[in-house]
Each structure stands twice: as structure tokens, then as C-alpha cells.
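Novice: A structural model of the following input is requested.
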Amino acid sequence: MNKGFTVAGIGELLWDVFPQHKRLGGAPANFAFHCYQLGAKAYPVSCVGTDELGLGIRDKLREMGVDASYVLESDTFPTGTVQVTLNDEGKPSYRIFENVAWDHIAFTSGLKALAATLDAVCFGSLSQRSPVSRASIHAFLRQMPEAALKIFDVNLRQSYFSKEQVEDSLRLASILKLSDEELPVLAGYFGLRGDVMDQLNELRERFDLDLVAYTRGPDGSVLVRGDEVDVAPGVAGLAVDSVGAGDSFTASLCMGVLKDWPLSRVNAFANRVASFVCSQKGATPLLPEDLTTL
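Specialist: This is a model prediction of the structure:
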């Protein structure tokens with residue numbers, strides 16, 4: 001992979017707390033780490049507390065080799081945590097705690113300067129539950145180069161989303177990534193009609209998106225770009241847990257598009273990476289060499 005690309009994931013940065021352990025989490029941070037593994041200069045953009053959990057996040061990012069220069073600190077709000085429960089199939093459910101540091105991401109001069117250098121960013125809906133972070137994320141996106149990829153990974157969680165929030169995000173995005181569980185919500189919001197392909201195309205056209213990525217868990221994914229459609233089957237493998245699999249898919253999609261790969265290659269690769277992540281515990285396992293030396 002070309003190390004010349006610079007990307008960021010902006011939004012939540014937290015600890016995923018499982019019954020027996022905790023792991024670094026937050027979709028934008030997971031995205032940044034996987035982009036880093038795939039050869040990009042990658043930055044998580046967020047905020048943590050000055051508490052022990054926040055120091056632990058910085059230590060963990062350092063251990064992972066990820067640059068935490070744009071992880072801000074709050075003396076007022078605690079580091080975010082999420083309680084994660086897995087069902088018998090390894091599918092997670094979440095209890096996300098409120099009014100934490102990543103709800104208070106300030107748009108600093110440093111973030112403004114970073115935004116202007118980026119080739120791509122990933123952002124979601126969860127980190128926009130707070131007006132402070134929402135305003136900062138929108139300001140960050142508006143400072144990015146016009147040609148940069150602005151990937152909106154819908155990532156609906158609990159009740160922390162609304163039609164207005166999703167619509168505003170779609171208008172700022174150039175790429176939409178959503179799942180088979182999320183499409184019905186957007187179909188309801190925007191009155192989308194027809195079958196899945198009709199709905200994906202309507203979203204692409206209505207919001208002038210360059211690309212729509214639709215993931216179907218173990219059944220693979222669909223990419224739609226202009227008149228081009230690619231359907232990829234899932235990659236069979238042992239599923240341990242699916243935490244972070246979608247984020248690794250988005251990172252792989254991002255890097256493939258930046259590399260100007262054919263859509264079919266992007267789709268197949270993203271499924272391979274996501275399948276591997278599902279076979280491991282946690283959202284940020286080290287990827288094997290055959291996935292990082294393409």
C-alpha cells in the first residue's frame with residue numbers, strides 16, 4: 001500500500017468494556033488504526049479525559065503505533081466507555097454512556113490545519129449526538145480539500161440519531177457506508193421505494209454521492225458507483241465476534257478507492273479484511289501480512 005495517503009477518523013474514542021476485559025474502541029479510531037495497518041498516515045481525532053482511562057487510551061495508541069497528536073484532553077469530562085455484550089453468534093449489543101469527553105470535541109486550530117491535509121476522513125452518527133462534537137465534525141469536513149473522500153459510516157447506535165442528523169451528514173459526504181440493518185431506517189426517513197438496489201441508487205442520486213457501500217454481514221456487500229455495481233459474497237470463516245468488522249471494511253474500502261482499484265477488487269478485499277477481523281477478539285487485531293502487503 002502507498003504510504004503517501006493521510007486519513008483521519010473523527011468522533012468517539014473509548015473503551016469497549018466486555019464482561020472479562022476491556023479493549024480500545026470507537027468506530028473512527030478503529031477505522032484510523034486499520035488504515036494505518038494498510039499503509040496510510042492515519043490519525044484518530046477525538047477527546048479523552050485526563051483520568052486513568054484516558055491515559056490508558058494514549059498508552060494503547062502508542063503501543064499500536066498510532067499517532068495520538070489530535071486526541072484532545074478534557075479536565076471536565078471522563079473518558080468514554082461502552083458496555084459490550086455478545087450473543088451466541090458473536091453479534092454485539094452496546095450500552096453507551098453519555099456526557100463523556102468525546103461528546104466535547106473542540107474544533108481547534110490544530111484540527112483545522114489537519115483537515116486541510118487529508119485525503120480521506122471517516123465520520124459517523126454516534127459522535128454527533130452532542131451539539132459540540134457535531135459542530136466540530138461539520139467544521140472539520142468543510143475544511144477538507146474538495147477532492148478528499150468524506151466517508152459517512154451511518155453506524156446507528158441506540159437512540160443517538162435522527163433524520164436531521166443523518167440528512168445533514170449525507171449532504172457533507174462523498175461516500176456512504178451502511179448496513180442491511182440501517183437501510184430500512186434511511187428508507188423510512190427519506191421515503192425510499194423499490195428494492196434494495198432502487199433504494200441505494202436513490203440515496204446516491206439524491207445526495208450526489210460518489211459511492212454507496214452496503215454491507216450484509218456474512219452475506220457480503222454491494223458497492224454502487226455511477227452505473228457500476230459490484231456484488232461480493234461474504235468470505236467464509238470462523239466468527240468469534242463482529243466488533244469492529246464494519247470499521248475494518250470501511251478502512252479497506254477507503255484505501256482501495258484511494259489506490260484507484262477496480263470496484264470489484266475493492267469489494268473483495270474489504271470483505272477479506274472484515275472476515276479476518278470477525279475471526280479475532282476485539283475491533284483492532286493485527287492484520288496478517290497477506291492483507292497488508294498488496
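Novice: what stretches of the protein score poorly on pLDDT?
Specialist: Within the chain, the segments meeting pLDDT under 70 span 1-3, 90, 236-241, 294.
Novice: remind me, longest strand of it?
Specialist: For the chain, the strand with the greatest residue count under DSSP state E is strand 41-49.
Novice: neighbouring strands - and their directions - for that one?
Specialist: Sheet partners assigned to strand 41-49 using DSSP bridges are listed as strand 6-10 (parallel), strand 71-74 (parallel).
Novice: could I get the following helix or strand past that strand in PDB with only the CA atoms?
Specialist: Note on strand 41-49: by DSSP states H and E, the next helix or strand toward the C-terminus is helix 52-64. Below are the C-alpha coordinates for helix 52-64, written out as PDB (Å, rounded to 0.1, in the frame of the first residue of the first chain):
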ATOM      1  CA  GLU A  52      -6.700   6.900  34.300                       C
ATOM      2  CA  LEU A  53      -8.800   5.500  31.400                       C
ATOM      3  CA  GLY A  54      -7.700   8.400  29.200                       C
ATOM      4  CA  LEU A  55      -4.000   7.800  30.000                       C
ATOM      5  CA  GLY A  56      -4.600   4.200  29.200                       C
ATOM      6  CA  ILE A  57      -6.000   5.000  25.800                       C
ATOM      7  CA  ARG A  58      -2.900   7.100  25.000                       C
ATOM      8  CA  ASP A  59      -0.700   4.300  26.100                       C
ATOM      9  CA  LYS A  60      -2.600   1.800  24.000                       C
ATOM     10  CA  LEU A  61      -2.500   4.000  20.900                       C
ATOM     11  CA  ARG A  62       1.300   4.400  21.400                       C
ATOM     12  CA  GLU A  63       1.600   0.600  21.700                       C
ATOM     13  CA  MET A  64      -0.300   0.200  18.400                       C
END
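Novice: name the helices or strands packed onto helix 52-64?
Specialist: strand 14-17, strand 22-25, strand 41-49, strand 71-74 (3 or more CB pairs under 8 Å, 6 or more residues apart in numbering; DSSP states H and E). All C-beta spots, glycine's among them, are computed from the backbone N, C-alpha and C.
Novice: give me the angle between the helix or strand following the second one and strand 41-49.
Specialist: Following the chain from strand 22-25 toward its C-terminal end, the next helix or strand by DSSP H and E is helix 27-37. Per axes from the mean of the first three to the mean of the last three CA atoms, to 10 degrees, the angle that helix 27-37 makes with strand 41-49 is 150 degrees.
Novice: not counting helix 27-37 itself, show me its contacts.
Specialist: 5, 7-13, 42-46, 64-66, 120, 122-124, 126-127, 153, 155, 244, 246-248, 250-252, 254-255, 273, 283-284, 286-287, 292 (CB atoms under 8 Å, 6 or more residues apart in numbering).
Novice: can you pull out the strands in the stretch 151-294 of the chain?
Specialist: For the stretch 151-294 of the chain, the strands defined by DSSP state E, counting those that start in this stretch occupy 175-179, 211-215, 221-225, 228-232.
Novice: mind putting those strands in a markdown table, mean neighbour count and distance to N201 included?
Specialist: Listed next are the strands of the stretch 151-294 of the chain as a markdown table, based on neighbours: other CB atoms under 10 Å; distance: least, CB to CB, whole Å:
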| stretch | mean neighbour count | distance to N201 |
| --- | --- | --- |
| strand 175-179 | 23 | 12 |
| strand 211-215 | 24 | 8 |
| strand 221-225 | 21 | 6 |
| strand 228-232 | 16 | 9 |
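Novice: check contacts around C254.
Specialist: Here C254 is in contact with 7, 31, 35, 120, 122, 149, 151 (CB under 8 Å, 6+ apart).
Novice: ok, of those, which come out buried?
Specialist: With burial judged by 16 or more other CB atoms under 10 Å, the buried subset of these is 7, 31, 35, 120, 122, 149, 151.
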